[in-house]
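In: sharing a model prediction with you, sequence too.
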Amino acid sequence: MARRIEPLRPLRLGWLFFRVGAMNELQYRVNFFIEVFQSLLALGTGLVVLALVFGHTTELNGWSRPQLLAVLGVQILMGGVIHTLIQPNMVRLITDVRQGTLDYALTKPEDSQVLASIRDIRIWQTVEVITGAIVLGVAISQLRGGVGVVRGIEFAFALLLGALMIYCFWLIITTGAFWVVRMDEMVELFDGVFQTGRWPVGVYPVWLRFGLTFLVPIAFAVTVPAEAVTSRLNGRTLLLAVGFATLLFAFTRWFWKRGLRRYSGASA
């Protein structure tokens, strides 16, 4: 069932499904205003909490107010990426496995993992991406020295690695549906855990810090990119992110193929 992934083909397929998703979403334009309201509400809540914290201190575990604002911006931005590209596809995959309708993807002449990962794109969720980018831009303007070219490249690379690791985490959990059919509650559980990314992982106890780094890779997805734009990122952390992302992707690919062997759909 699994097919070899050609380097550029996933990008072409992704663009195709993006256009299809855009046409579908544009039929329900009121969703845009709903997303704007939700994004502003989430942003307002985050800013109020920040104001309360810095009403009693000038820094939190070594992080200044502009630096924590950068963390908040990255968290909102990454949340938009997740809700636009990753989560909709994983939710659909869970449903397909439960109902036995994954056959429609498996019988296509494309790699099954790629196809299952790009079929559903929610363009209105990009409001979160834009909101996060604006917050991040405001934070950068308040940082001393701003962000140079090197730091900008490190940020983009760290953000890409973080998105890859979140995708791998989601696909590993979703692939578990081949063994445990009812996985719907994972959406609410992840959304709750992801809120911890509004703060640098260093503020949490050691056991929670470990879990938010290697079990649910929120540290790599949010804190590490934020460290890049705030000049706190060191080469060792970036190399660790590269190594962990590589291992995680390899394991995800193996686990997906193993899960497919457990699948019995409508054609079985």
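Out: Thanks, I have it.
In: wasn't G73 part of a helix?
Out: Yes: G73: assigned to a helix according to DSSP: H, G, I helix; E, B strand; the rest coil.
In: so what pLDDT did it get?
Out: Note for G73: predicted pLDDT of 93.
In: ramachandran angles for L60?
Out: phi -130, psi 110 (degrees, to the nearest 10).
In: tell me where the protein has helices.
Out: Secondary structure of the chain (DSSP state H): helices at 9-25, 30-53, 65-81, 87-99, 103-106, 112-118, 126-142, 149-175, 186-194, 206-210, 218, 224-229, 235-260.
In: show me the shaky parts of the protein.
Out: Residue ranges of the chain with pLDDT under 70: 1-8, 22, 26, 28-29, 145-146, 181, 265-268.
In: how about a cut-off of 90?
Out: By pLDDT under 90, the low-scoring segments of the chain are 1-64, 92, 94-127, 141-152, 176-193, 195, 202, 231, 234-235, 259-268.
In: middle-most residue in it, spatially?
Out: In the chain, the centroid-proximal residue (CA atoms, centre = their mean) is I82; its distance is 3.8 Å.
In: next, count neighbours for F220.
Out: 28 (other CB atoms under 10 Å). For glycine as for every other residue, the C-beta is placed from the backbone atoms N, C-alpha and C.
In: ignore the last one, I134
Out: The tally of other residues near I134 (other CB under 10 Å) stands at 14.
In: same question for G55.
Out: Other residues near G55 come to 7 when the count uses other CB under 10 Å.
In: and it, what is it in contact with?
Out: Taking CB atoms under 8 Å, 6 or more residues apart in numbering as the definition of contact, G55 has no neighbours.
In: quick one, phi/psi of it?
Out: Main-chain dihedrals, G55, degrees, to the nearest 10: phi -80, psi -10.
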